[in-house]
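Engineer: build the 3D model from these lines:
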Amino acid sequence: MNPSELLPSPAVTKPRDADLAFRLAWSSTGLGHFYAGAIVRGLAFQAGALVPLALAVFLMSAACGSIPLVLALGAASVLIGVWSCFDAVAVARRTRPDYRLKDYNRLSAYLALSVTPTVVIVAAIVVTFRAQVGEPLRAAHDFPALGIHGGDDFVESKLAYRSGTPQRGDLIAYRAAPSGKPMRFGRIAALPGEMADTPKGQIVVPEDSLWVEGHGGELISSYAVAGKLVFRYWPLNRFGPVRPVGAEAAREAEEREKASLNISHL
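Structural biologist: Alright, predicted model coming up:
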C-alpha cells in the first residue's frame, strides 16, 4: 500500500489529534503545526529553530565565532524545538471538530515542508564540523615512538592551533602533500628557532616550520598541519584523551620496539 493512501483526502472532515501533533513536532520542528492546519505558525517555528543552527554553522565555518556563542545558538535552537512541541498540542486542541483537511495534509507535503530542510541543515552541520572543527582519522601503521598502533582511531582537532600554538610533544596529523593524501601522524620534536637532530646533523628549524618525528623525522611547514590528535576512541582498551609524548618517552618506546623485534627473530 502507498503510504500516502494512509492519510485522509483533503475533503475529509476530521479533528486534529493533540498527541499526534506532539509526536510530529518532536520528530521535526513545525510538522505538528502543519498537521494542525497552522502552516504559517509552523514555518515560523521551523525558521526559529533552523536559523540559530545555520548561524552556528556559519560561525564555525568562518572561524570567527567563539565556542560559547556557538553552543548558545545550538541551545536556543533546541529550546525553540521543544517549545514548538507544546505549542503544536495547544493549536491542535483549538481546532474545530469539523476541521477539513487541507491540501498539505498529506505525507509528500510534510516531507517537503519540514523533513527536507532539516536533513539539509544536518548535512551542512556534519560537513562543516568535519571541515572546520575535527574529523575521525585512522592510523594505517604502527608508530611505537608515538604510542600509536595500526588500526587506532582518533579524533583530530582543527581548532587546537587557532587559539593556541603548537607545543613540543604534541601528536599531530599533517599533510605530506598539498592534496592532503596520505595524511601522516607525527610528534612535534622541535619548534621554529630550536635545534633539531636530523640524519644529516643538527639544523635550526626555520620560521613557520616544524620538525616532526614519526616517519623517520622530517621538516614540514606549519601550514601542513591538519590538526592535533586529541582523543582516541578505538580500541576501547586505549580509549581516552591523547597525551603529549616527550622525547625521552619516544626513545624508550623505540628501544622497546627494537628489542621486541630482535627477540622475535631469534
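
Engineer: every contact and neighbour count from this point should use C-alpha atoms.
Structural biologist: Fine.

Engineer: my guess is Phe86 meets Arg23, correct?
Structural biologist: No - judged on C-alpha atoms under 8 Å, Phe86 makes no contact with Arg23 at a distance of 10.1 Å.

Engineer: what's the spacing between Leu191 and Tyr161?
Structural biologist: 14 Å (C-alpha to C-alpha, to the nearest Å).

Engineer: give me the common contacts of these two.
Structural biologist: Here Leu191 and Tyr161 have no joint contacts, going by C-alpha atoms under 8 Å, 6 or more residues apart in numbering.

Engineer: higher neighbour count, these two?
Structural biologist: Using other C-alpha atoms under 10 Å, the more surrounded residue of Leu191 and Tyr161 is Leu191, with 21 against 14.

Engineer: need the contact list for that one.
Structural biologist: Residues counted as contacts of Leu191 (C-alpha under 8 Å, 6+ apart) are 166-168, 205, 209-211.

Engineer: whichever of those residues end up buried, select them in ChimeraX.
Structural biologist: The buried residues among these can be selected in ChimeraX (16 or more other C-alpha atoms under 10 Å) with this line:
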select :166,168,205,209,210,211
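
Engineer: out of the contacts of Leu191, which are inside strands?
Structural biologist: Judged by DSSP state E, these include 209-211 as members of strands.

Engineer: for Asp19, state which of these is nearest.
Structural biologist: Distance to Asp19 across the ones in strands among the contacts of Leu191 (C-alpha to C-alpha) is lowest for Leu210, with 60.3 Å.

Engineer: shaky segments in this protein?
Structural biologist: Scanning the chain for pLDDT under 70 picks out the ranges 1-13, 58-66, 104, 178-182, 246-266.

Engineer: run through the neighbouring helices and strands of the longest helix along the chain.
Structural biologist: Scanning the chain for the longest helix, with DSSP state H as the assignment, gives helix 67-94. Identification of packing neighbours for helix 67-94 by 3 or more C-alpha pairs under 8 Å, 6 or more residues apart in numbering; DSSP states H and E yields helix 18-27, helix 31-36, helix 39-62.

Engineer: and the angle for the longest one with helix 67-94?
Structural biologist: For helix 39-62 against helix 67-94, the angle by axes from the mean of the first three to the mean of the last three C-alpha atoms, to 10 degrees is 170 degrees.

Engineer: which of the residues in helix 39-62 are buried?
Structural biologist: In helix 39-62, counting by 16+ other C-alpha under 10 Å, buried: 39, 41-43, 45-54, 56-61.

Engineer: what's in contact with stretch 38-55?
Structural biologist: Under C-alpha under 8 Å, 6+ apart, the answer for stretch 38-55 is 29-34, 73-74, 76-78, 80-81, 84, 91, 114, 118, 121.

Engineer: can you get me the centre-to-centre distance for it and its chain?
Structural biologist: Centroid displacement of stretch 38-55 relative to its chain, using C-alpha atoms, centre = their mean, to the nearest Å, is 23 Å.

Engineer: the chain should start at 56 in everything you say after this.
Structural biologist: Noted, 56 is the first residue going forward, which turns the last one into stretch 93-110.

Engineer: tabulate the CA atom coordinates of that stretch in PDB.
Structural biologist: The C-alpha trace of stretch 93-110 is given here as PDB (Å, rounded to 0.1, in the frame of the first residue of the first chain):
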ATOM      1  CA  ALA A  93      -1.400  26.300  11.200                       C
ATOM      2  CA  ILE A  94       1.100  26.300   8.400                       C
ATOM      3  CA  VAL A  95       2.300  29.900   8.900                       C
ATOM      4  CA  ARG A  96       2.900  29.300  12.600                       C
ATOM      5  CA  GLY A  97       4.700  26.000  11.800                       C
ATOM      6  CA  LEU A  98       7.000  27.800   9.300                       C
ATOM      7  CA  ALA A  99       7.800  30.500  11.900                       C
ATOM      8  CA  PHE A 100       8.800  27.800  14.500                       C
ATOM      9  CA  GLN A 101      10.800  26.000  11.800                       C
ATOM     10  CA  ALA A 102      12.700  29.200  10.900                       C
ATOM     11  CA  GLY A 103      13.200  30.000  14.600                       C
ATOM     12  CA  ALA A 104      14.800  26.600  15.200                       C
ATOM     13  CA  LEU A 105      16.900  26.400  12.000                       C
ATOM     14  CA  VAL A 106      18.200  30.000  11.800                       C
ATOM     15  CA  PRO A 107      20.200  29.800  15.000                       C
ATOM     16  CA  LEU A 108      21.500  26.400  13.900                       C
ATOM     17  CA  ALA A 109      22.500  27.800  10.500                       C
ATOM     18  CA  LEU A 110      24.200  30.800  12.100                       C
END
